[in-house]
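# no sequence for this one, just the structure:
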Ligand code: NAI
């Protein structure tokens with residue numbers, strides 16, 4: 001029960017990595033706000049968490065709107081009285097050659113993956129400082145925030161930015177006792193790869209992982225739970241690769 005009585009907000013909590021993290025956090029004793037754009041899967045996730053004996057609530061949010069992030073943080077305080085962990089995890093991706101990438105598509109990715117993380121840092125950081133909570137802000141980057149990849153130009157731009165925003169925010173928020181860390185997953189078995197699965201392309205995609213396998217969402221969740229716990233008190237600013245050896 002490493003997160004006993006801690007309160008966590010998990011954006012993108014209704015699917016994949018976010019949902020696995022909700023499950024792990026509940027097991028570790030945290031109360032969870034499942035924050036997601038998708039109301040149907042969000043409500044289903046909360047139902048499932050409650051069936052497992054957890055304390056959880058759903059809040060619909062579009063992370064590309066700062067006001068909604070502020071409302072989310074206020075909602076969390078009203079519901080559970082505090083906020084210890086903000087997991088800025090919601091994100092989208094698509095594959096397009098750079099010369100076919102329309103500015104509107106580029107901007108959509110940046111708005112959700114990059115601005116959404118900035119808004120989460122701002123909203124949670126301000127409230128943690130105001131309430132003198134020595135909390136943790138965790139941001140989802142990617143291996144593609146470290147290395148180049150074909151056809152994911154805007155995605156790489158957003159995830160690289162998340163890595164540097166994490167470092168910079170950590171530097172500034174350290175004086176308030178707030179840690180800011182990143183997580184960089186490799187190829188994780190989530191609905192993001194549904195199209196590739198349908199096309200039978202998964203072997204090609206997982207080939208660059210040393211294990212030749214998908215990383216499981218629970219593998220990411222385990223590391224996020226550690227980073228949110230007091231055991232990780234000396235870790236801030238860094239983005240931790242959890243990639244089955246993809247980048248090594
Ligand atoms: P997913 O598609 O399973 O889950 C993403 C969730 O975010 C969904 O529930 C979706 O409704 C929600 N979401 C999307 N846009 C939103 C918005 N504007 N506001 C609020 N919620 C929104 O994806 P997955 O794979 O779990 O990805 C989670 C994060 O991990 C993303 O940031 C992704 O870029 C990152 N990531 C995923 C990897 C993978 O291989 N699956 C690898 C590296 C990073």
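Noted; the coordinates are in hand. Here the structure is a predicted model, which is why all the values come from computation and not from measurement. Numbering: from 1, shown residues only.
# by contact count, what packs against the helix or strand bottoming out on mean pLDDT in the chain?
Least confident helix or strand of the chain, by mean pLDDT, DSSP states H and E, is helix 194-198 with a mean of 87. With contacts defined as 3 or more C-beta pairs under 8 Å, 6 or more residues apart in numbering; DSSP states H and E, helix 194-198 has no helix or strand neighbours. C-beta coordinates here come from the backbone N, C-alpha and C atoms, glycine included.
# now that helix, how far from the chain's geometric center?
Taking C-alpha atoms, centre = their mean, to the nearest Å, the mean C-alpha location of helix 194-198 is offset from the chain mean by 22 Å.
# quick one, longest helix in the chain?
helix 153-173 (DSSP state H).
# who are the neighbours of that helix, in terms of helices and strands?
Helix 153-173 packs on helix 103-109, helix 116-130, strand 136-140, strand 179-185, strand 239-242, going by 3+ C-beta pairs under 8 Å, 6+ apart.
# Need the winner for burial among these.
strand 136-140 (a mean of 27; mean count of other C-beta atoms under 10 Å).
# Can you tell me which residues in the protein are near the ligand?
11-12, 14-18, 36-38, 41, 61-64, 89-93, 112, 140, 142, 185, 187-188, 190-192 (C-beta under 6 Å from any ligand atom).
# out of those, which are buried?
Applying 16 or more other C-beta atoms under 10 Å to the residues of the chain next to the ligand, the neighbour count classes 11-12, 14-18, 36-38, 41, 61-64, 89-93, 112, 140, 142, 185, 187-188, 190, 192 as buried.
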